[in-house]
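Q: what follows is a predicted protein model with its sequence.
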Amino acid sequence: MAFFRKKRLFLLLIGIIVLVALIGYSLRDREELSTAEQFINDTVGWAQRAIHTPINYISTIFSNIDDMRNTYSENQLLREKLAEYKSLIYEVQEIKEENEELREIVDKMDSIRDYNPIHATVTARSPERWVEQVTINKGSQAGVKVNMAVITADGMVGKIQSTSQFTSTVQLLTGFDQFNRISATVSREDGNDIFGLIEEYDKESDSLLFKIIEESEQDLEEGELVVSSGMGGVFPAGLVIGKVKEVIPDQYGLTRTALVEPAADLYEIDNVIVVDRILPGEEEEEGEQ
Amino acid sequence: MKRLFLPLLLFIFLVFEGVAIELLPNNLVGDFLIIPHWVLILLIYITIFYDLEDTYHSVVYALIFGLLIDIVYTGTLGVYMFTYAIVTYVIHSLMKVLHSNFYVTVLAGIIGVALADLAIFVIYMVVGITDFAWSVYVGSRLIPTVLANIVFLLLLYPFIAKRLVNWKHEQLNGTT
């Protein structure tokens, strides 16, 4: 009996050693996943895609029923907005043409705003809620690379954390820590843009922390739009990140921090666009400090 | 051929965990962190109804599918593998003194899920993935998770318990 107990203890210790080794291996800064992990991700990803389609269909039916109830009031609101948009479209067209002409004059075609969109569908979400990641059905074969921004029609949802051949995992904005900074800006009409860094997601206030580097004359107001500035070198400029919810001074009272509410709904994501910036950035990666 | 049913079933559960959050109503998702431990529930069933006293199929499956969950869903290897294996082993040892019936299954489910979630919490806290306070964790994650998984275990009981016993007689008694 003593022999068996020793054996059991021995196995437990080996288990703990393996656990520590594996965690150490996976938390190291890895450039890319090992081949075995990529293979498993692709295989499971294939099955996930097969299952996700019918499930998605069913859950859409339920949300459709929900939508039907507020159709009338929504319709009225949308009609009003549509009238506004008509004039906006004309204006945007004019501005675009003018922009192109001006670009030709200065002989600079690529801007940090341009990107190649890679359309993808979300196939699964991590059941472990502390790990905020979703799986999409496009991988390195489709040109997806680590650290690319991922957006929906509403705004940014996250960045690519790792890629396999046919699937990739996206780290959501809610899972951003202080190692994932986005250089962002609040755009103002008269050139008084406010620059800063989105530093991390604060779980207590459910918002991103936007540390303002450069103080501007005017105070930030609630409801202003925070967009990526493209200065970080990986994300293109002009991706909507969120709206300012509240401005608080930091603990020393020297700078201010804005609480930013993500513009995109991070719980219901179906179709996403992976943003492949055309203009190559500096070697420095956004993911690093 | 029938030997492949269990791994296949575990694999299907693993894949379904990925869409589990979409199936939950939205207002529940916001307040509580409910984690589907469906693979673990099935492993507990295998331990209770399939494994003999001296076979350790469930522990081996726990190691394999725990590692798969780590790779596919969290990216931090080893955590689910270690926890699921330990929990399955503990329940396997418990079954030496308990009979396999309905009440024991519910009890084992509660103990298993609670133990697994606690172990995952402790490991994640040590590694630095989460920084929840104990009281917040128990209220917002541990209790809702255990309850939700017990509901799942109860739903599964009529479909799986008998079948596993049948498979046990077909597959294990003949070979050992």
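A: Cool, got the structure.
Q: what's the distance between the residue minimising distance to the centre of chain A and chain B?
A: For chain A, residue A:158 is the residue whose C-alpha lies nearest the centre (CA atoms, centre = their mean; 1.4 Å). Separation of residue A:158 from chain B (CB to the nearest CB, to the nearest Å): 14 Å. All C-beta spots, glycine's among them, are computed from the backbone N, C-alpha and C.
Q: just to check, that residue is in contact with residue A:170?
A: Yes - with contact defined as CB atoms under 8 Å, residue A:158 counts as touching residue A:170 (4.8 Å).
Q: which residues do these two both contact?
A: A:134, A:150 (CB atoms under 8 Å, 6 or more residues apart in numbering or on different chains).
Q: part of a strand, is residue A:209?
A: Yes - the assignment for residue A:209 by DSSP: H, G, I helix; E, B strand; the rest coil puts it in a strand.
Q: for it, give the beta-bridge partners.
A: Beta bridges link residue A:209 to residue A:259 when assigned by DSSP bridges.
Q: what about it, distance to residue A:133?
A: Separation of residue A:209 from residue A:133 (CB to CB, to the nearest Å): 20 Å.
Q: please apply the same query to residue B:76.
A: Using CB to CB, residue B:76 is found at 11 Å from residue A:133.
Q: then residue A:52?
A: 15 Å.
Q: swap in residue A:21?
A: According to CB to CB, residue A:21 and residue A:133 sit 23 Å apart.
Q: where in the chain is pLDDT low?
A: Unless you meant another one, I'm taking chain A. A:1-4, A:108-110, A:190-192, A:213-219, A:279-289 (pLDDT under 70).
Q: try again with chain B
A: B:1, B:24-31, B:173-176.
Q: redo that, cut-off 50
A: Filtered on pLDDT under 50, chain B yields the residue ranges B:176.
Q: can you show me the strands along it?
A: In chain B, no strands are defined using DSSP state E.
Q: with chain A instead?
A: Secondary structure of chain A (DSSP E): strands at A:115-125, A:133-136, A:149-151, A:156-163, A:168-172, A:182-186, A:194-202, A:207-212, A:225-228, A:240-249, A:256-262, A:271-277.
Q: now for the ones you listed, which one comes closest to residue A:69?
A: strand A:271-277 (24.1 Å; CB to CB).
Q: look up the closest residue to residue A:38, ignoring the ones flanking it.
A: Closest residue to residue A:38 apart from its sequence neighbours, by CB to CB, 6 or more residues apart in numbering or on different chains: residue A:164 at 3.9 Å.
Q: for that neighbour, give me its contacts.
A: Per CB under 8 Å, 6+ apart, neighbours of residue A:164: A:33, A:37-39, A:41-42, A:45, A:139-140.
Q: any chance of those in TSV, with distance to residue A:7 and neighbour count too?
A: Shown next, in TSV, are those (distance: CB to CB, whole Å; neighbours: other CB atoms under 10 Å in any protein chain shown):
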residue	distance to residue A:7	neighbour count
A:33	35	21
A:37	31	19
A:38	36	20
A:39	34	14
A:41	35	26
A:42	38	15
A:45	39	26
A:139	43	23
A:140	44	18
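Q: reformat the residues you listed as CSV; add distance to residue A:116.
A: What follows is these, written out as CSV (distance: CB to CB, whole Å):
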residue, distance to residue A:116
A:33, 23
A:37, 26
A:38, 23
A:39, 27
A:41, 23
A:42, 23
A:45, 22
A:139, 16
A:140, 15
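Q: distance of the residue most central in space within chain B from residue A:256?
A: The centroid of chain B falls nearest to residue B:40 when counting by CA atoms, centre = their mean (1.0 Å). From residue B:40 across to residue A:256, the span is 46 Å (CB to CB).
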